[in-house]
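Engineer: Whatever this is, show me its structure:
(chains A and B)
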Amino acid sequence: MNKENINSDPGFANASDARLSALLRESRVSPALPPRFQEGVWRRIEEADAPVKSNGGIAWLDALAALVLRPRLALATATVLMVAGALLGVRDGSQSAHHDAQARYLAAVAPLSLR
Amino acid sequence: MNRSLVILLGALVLCAALLGGSYAVSRRVCQNCMSKSVSDLDWLQQEFHLSDAEMARIQKLHEGYLPKCAEMCAKIAAKKSELETALGGVTNVNPVAQQKLAELAALRAQCQAQMLQHFNEVSQTMPPEQGRRYLAEMRRLTLGLHEQTESSMSESAGHEHHQH
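Structural biologist: Below is the predicted model of the structure:
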């Protein structure tokens, strides 16, 4: 019943709100600002606006990654690697085939030496 | 994980895959192409740069030698079988087994002599320099293997004697 009475009386509610606000305002603690607070705030804003400076170790890694991602360089590297791999493969393949041919001849003419 | 590091590691893996893949494929293709001709004498022509006329003479010698070689192989196989029979079920080397061992050794020596004779004949059909190289290579490949085994055995025996 009381609750309904309180809620239904607008004058009482307004007065109560005003008193509550005043109490809250009084109870709020506003500490003194530290020395050179404003200067610190501006410095932090300037730092946030400036481009991010990374340290030396990460910088060269980023530069290298950027270099690797260049399409022309990537294509050239891939071509060089494929050609190098193919040349090595041809060299080893021909050596292996030569060795097999030698083993075949030896097996034909000197089977005893293989036992 | 750092994005740059991931990119670099990925690039490295890709590079390794490209190099390895192209190596494996070209090696296989090259080996298959070069092994297509399956003549026993291919190696001679490749290694000693022989002309067709020289190869024809060698082919004739080769075809004449193969039946003799097969005959010797059959004799050696039969003698080995006899030796195994003589050795079967006994713990000591009896006189029969000793006789078979001697006969087997004689057959092997005869086979090797015949083989060396064939190498001599083949080397004479080649240009002198290539012939000398062929003879040296065949002696190294056929007799050198036994020499290596014997020398390694004598070395190990020497070490054991030093230990005693």
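Engineer: Now do residue 31: how many residues are near it, please.
Structural biologist: Using chain A. Residue neighbour count, defined by other CB atoms under 10 Å in any protein chain shown, stands at 5 for A:P31. The C-beta positions use only the backbone N, C-alpha and C, and glycine is treated the same way.
Engineer: not what I meant, chain B
Structural biologist: Residues within reach of B:Q31, counting by other CB under 10 Å, total 19.
Engineer: A:T77 too?
Structural biologist: Quick note: A:T77 (other CB under 10 Å) scores 16 neighbours.
Engineer: Please apply the same query to B:L50.
Structural biologist: Neighbours of B:L50 (other CB under 10 Å): 20.
Engineer: And for B:S4, the neighbour number?
Structural biologist: Neighbours of B:S4 using other CB under 10 Å come to 20.
Engineer: From B:Q31, how far off is it?
Structural biologist: Between B:S4 and B:Q31 the computed distance is 40 Å (CB to CB, to the nearest Å).
Engineer: In which helix or strand does B:K36 reside?
Structural biologist: Using DSSP states H and E, B:K36 sits in no helix or strand.
Engineer: those helices in the chain, which residues are they?
Structural biologist: Just going to use chain A. Under the criterion DSSP state H, chain A contains helices at A:2-8, A:10-27, A:37-49, A:56-68, A:71-109, A:111-114.
Engineer: my bad, the chain I had in mind was chain B
Structural biologist: B:3-34, B:42-48, B:52-87, B:95-124, B:128-142, B:144-163.
Engineer: What count of nearby residues applies to the residue lying closest to B:Q110 once chain neighbours are set aside?
Structural biologist: Excluding its sequence neighbours, the residue lying closest to B:Q110 (CB to CB, 6 or more residues apart in numbering or on different chains) is B:M72, at 6.8 Å. The local packing of B:M72 (other CB under 10 Å) involves 20 other residues.
Engineer: Just confirm B:M72 contacts B:Q117, I think it does.
Structural biologist: No: counting by CB atoms under 8 Å, B:M72 does not reach B:Q117; the two are 11.9 Å apart.
Engineer: thinking again about what came up before, B:G88 is nearest to which of the helices of chain A?
Structural biologist: helix A:111-114 (23.6 Å; CB to CB).
Engineer: Point out the residues in chain A that sit beside chain B.
Structural biologist: A:58, A:61-62, A:64-65, A:68-69, A:74, A:77-78, A:81-90, A:92-94, A:96-98, A:100-102, A:104-113 (CB under 8 Å from any CB of the partner chain).
Engineer: of those residues, buried ones?
Structural biologist: Among the residues of chain A next to chain B, those classed as buried by neighbour count (16 or more other CB atoms under 10 Å in any protein chain shown) are A:61-62, A:65, A:68, A:77, A:81-82, A:85-86, A:89-90, A:92-94, A:96-98, A:100-102, A:104-106, A:108-113.
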